[in-house]
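Visitor: sequence plus predicted model, see below.
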Amino acid sequence: MTLDKNNLLYAYILTLTKRKETVEVTLLEEMLDANAEYALKAHERGDVYTTEDVRNYIEEQLGWR
């Protein structure tokens, strides 16, 4: 997922969470903020892996390859 698409998804989810203010929504917003911050920092560090990269790594670790 590109950074632009990630930002669009994040903005969309925020609009959904603004409709109802509850403890659950506040927690969701905090989780989304933390997740977005982590993703941006990982992207800046170059620690971005595709699903296929992760699957291959796990399969190698489990001896399936």
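Guide: Everything's here; your move.
Visitor: below-threshold pLDDT in the chain: ranges please.
Guide: Low-confidence segments of the chain (pLDDT under 70): 1, 17-23, 25.
Visitor: helix, strand or coil for D47?
Guide: At D47 the chain is in coil, as set by DSSP: H, G, I helix; E, B strand; the rest coil.
Visitor: check contacts around it.
Guide: Not one residue lies near D47 by CB atoms under 8 Å, 6 or more residues apart in numbering. Every C-beta, even on glycine, is put in place using the N, C-alpha and C of the backbone.
Visitor: same question, L40
Guide: Neighbour list for L40: L3 [criterion: CB under 8 Å, 6+ apart].
Visitor: and it, how far is that from E24?
Guide: Applying CB to CB, to the nearest Å, the value for L40 to E24 is 25 Å.
Visitor: E59 too?
Guide: Counting by CB to CB, the gap from E59 to E24 is 36 Å.
Visitor: same check on L62?
Guide: In terms of CB to CB, L62 sits 36 Å off from E24.
Visitor: relative to D47, how far out is T2?
Guide: From T2 to D47 the distance is 16 Å (CB to CB).
Visitor: ditto for I13
Guide: Distance of I13 to D47, given as CB to CB: 23 Å.
Visitor: what about the residue nearest the centre of the chain, distance to L28?
Guide: The centroid of the chain falls nearest to N35 when counting by CA atoms, centre = their mean (5.2 Å). Using CB to CB, one gets 10 Å for the distance from N35 to L28.
Visitor: for V48, same thing?
Guide: 24 Å.
Visitor: settle it for me: which of those two has more neighbours?
Guide: Between V48 and L28, counting by other CB atoms under 10 Å, L28 is the more crowded of the two (15 against 12).
Visitor: so that one versus D47, what's the distance?
Guide: According to CB to CB, L28 and D47 sit 25 Å apart.
Visitor: and A34, helix, strand or coil?
Guide: Assigned with three-state DSSP, A34 falls in the helix class.
Visitor: what's the local residue count around it?
Guide: 10.
Visitor: ok, the one 10 residues further on next?
Guide: Other residues within reach of E44, judged by other CB under 10 Å, total 9.
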